[in-house]
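S.K.: model this:
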Amino acid sequence: MLIIAGHIEVAPARRDEVVAALQDLVGRARAAPGCLDLAVTADPLDPARVNNLERWESSEHLDAFRAVANAPDIGEIVADHVRLYDVTGERSPFG
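M.R.: Got it, this is the predicted structure:
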């Protein structure tokens, strides 16, 4: 499993516009084979922060989606704090 997690920073006046621009991409990704979850959300505390969380079954699934994703141009990203993690196992964090 792959997890892509973190956040980007954009101009505060553009944050909600960026999240809205990615809505279609999120929907298409969630419907794609191998996508276990994907969320792009406005941070409730920082007006410049857009949070990103993705879970994919494999790098092959992620690469296949990216080949056809046709991601929108969201303009300038001030900072990128999104990272990809390889995961070898999972368990509930609640016990």
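
S.K.: what about the helices in the chain?
M.R.: 15-21, 23-31, 59-68 (DSSP state H).

S.K.: quick check: R83 vs A21, distance?
M.R.: For R83, the distance to A21 equals 22 Å [Cβ to Cβ, to the nearest Å]. No exception for glycine: its C-beta is placed from N, CA and C like everyone else's.

S.K.: Y85 and P12, how far apart?
M.R.: Y85 is 28 Å from P12, by Cβ to Cβ.

S.K.: where do the strands sit along this structure?
M.R.: Per DSSP state E, the chain carries strands over the ranges 2-9, 35-42, 49-56, 79-80, 83-86.

S.K.: how far off centre is the fourth one?
M.R.: Going back to what we said before, that points to strand 79-80. Relative to the centre of its chain, strand 79-80 is centred 13 Å away, using Cα atoms, centre = their mean, to the nearest Å.

S.K.: so what strands line up beside it?
M.R.: Its sheet considered, strand 79-80 pairs with strand 2-9 (antiparallel) by DSSP bridges.

S.K.: now the partner strand: mean pLDDT?
M.R.: Strand 2-9 shows a mean pLDDT of 98.

S.K.: report the buried residues of it.
M.R.: 2-3, 7-9 (16 or more other Cβ atoms under 10 Å).

S.K.: got a markdown table for these, with distance to C35 too?
M.R.: Compiled in a markdown table, the buried residues of strand 2-9 are given as follows (distance: Cβ to Cβ, whole Å):
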| residue | distance to C35 |
| --- | --- |
| L2 | 10 |
| I3 | 12 |
| H7 | 20 |
| I8 | 19 |
| E9 | 25 |
